[in-house]
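K.L.:
Prediction below, plus the sequence it came from.
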Amino acid sequence: MMEIKANGPYRFGETLDYMEHQDDCLYKVIGDEIYKAEWFDGRKVLMKLSESAGGGVIIETPVNEGAGIDEIKGYCEDWLDLDYDLDGFYQFAGKDKRLSGLIDDHYGYRMVGKMDIADAFLWSILGQQITKSFAYVLKRRVVEYCGHHIEYEGEKFYLMPDAGEIAAIDSEVLREMQISTRKTEYIKDVLGSVASGELSKSYLETFDDYDEVFKHLTSFRGIGPWSANTVLMRTLKFRNAVPVGDAGIKNAIRLVDGLDAAPSKKYINEITDQWGRFGMYGTLYMWSALPAK
DNA sequence: GTCCAGGACTCGC
DNA sequence: GCGAGTCATGGA
């Protein structure tokens, strides 16, 4: 058993609440605990996360094929974004008429990251222009097809397949999962590039400049501005990233501003531009204004 | 039946 | 460089 703490405010309950409203096959909320199966250098680990009395997180590993404690701790800190200076964002957001109410409603809410870049790209492609719930169904089909899981107390906990493994799935198989022909092409191309290194996490982490990574990402077919920014947010942790064009941001602004019709692109951009280096958390807290689905 | 989903690409001008 | 059409499918 080990414990990790956050840099500033954190509420485990906010993470639980977020996760319960997703249908992500790569983690499960059971009671007040989060279960996640993950690879550590090819070794499978089942992590069980719960709230600690000190406002942090307790990590247990019911199944561990040999990963080190520090590695697992570091993973969870990164996954739940516990190192981020949330107070810094709150100082900024407290002066913003839209965000100030939202940070009170969801005090201690932090981003849940996507640690696996294959997961991030798969999700950003599947999630294009379809409902989130259907996108989760499609992702589940891909993950379960590959079949990597840990069995524990009668439950199956699935692990993210390797990028190369997904890229190698037959196109017809992906089509049968109701993934469109075009998305099938994107998935095979992009995840193939993850496997070959052009889009690997370690390579993308060598970039410091937002504009340069953005340009590199969007040079691949199937990765547009929205997809690039979702990856920059949740995986590469560029704090200024905002998924421009996102339907959720549009709806949230309409709701918070009490508009009769959907806001224009210009109206939205003027708002998100003001967030600057807090763009990522501005986005997250705006999303939190939407009714949970 | 219509419209919209956590978009991106291609084409025509 | 910008707008319209296309892709796919499910749910309201």
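P.N.:
Looks like it came in fine. Residues are numbered from 1 along each chain as shown, chains lettered A, B, ... in the order given.
K.L.:
Spell out which parts of the stretch 51-200 of chain A neighbour DNA strand C.
P.N.:
A:129, A:130, A:131, A:133, A:134, A:178, A:180, A:181, A:182 (C-beta under 7 Å from any atom of the strand). Glycine gets a C-beta too; all of them are placed from N, C-alpha and C.
K.L.:
all helices for the stretch 1-150 of chain A, in order.
P.N.:
In the stretch 1-150 of chain A, the helices defined using DSSP state H, counting those that start in this stretch lie at A:12-20, A:69-79, A:86-93, A:99-105, A:117-126, A:132-146.
K.L.:
out of the residues of the stretch 51-200 of chain A next to DNA strand C, what pair is the most spread apart?
P.N.:
A:133 and A:181 (21.8 Å; C-beta to C-beta).
K.L.:
picking that back up, residue A:237 is nearest to which of the helices of the stretch 1-150 of chain A?
P.N.:
Comparing those against residue A:237 with C-beta to C-beta, the closest turns out to be helix A:69-79 (8.2 Å).
K.L.:
Now that closest one: buried residues?
P.N.:
Buried residues in helix A:69-79, counting neighbours by 16 or more other C-beta atoms under 10 Å, are found at A:72, A:75, A:76, A:77, A:79.
K.L.:
quick one: which of those is nearest residue A:98?
P.N.:
Minimum distance to residue A:98 across the buried residues of helix A:69-79 is 27.6 Å, recorded for residue A:79 (C-beta to C-beta).
K.L.:
Touching, the closest one and residue A:111? I think so.
P.N.:
No: between residue A:79 and residue A:111 there is no contact under C-beta atoms under 8 Å: 9.5 Å.
K.L.:
which residues touch the residue in chain A positioned nearest to DNA strand B?
P.N.:
Ranked by C-beta to the nearest atom of the strand, the top residue of chain A for proximity to DNA strand B is residue A:224, at 2.4 Å. By C-beta atoms under 8 Å, 6 or more residues apart in numbering, the contact list for residue A:224 reads A:128, A:218.
K.L.:
What about residue A:56, how many residues nearby?
P.N.:
Using other C-beta atoms under 10 Å, residue A:56 has 17 other residues around it.
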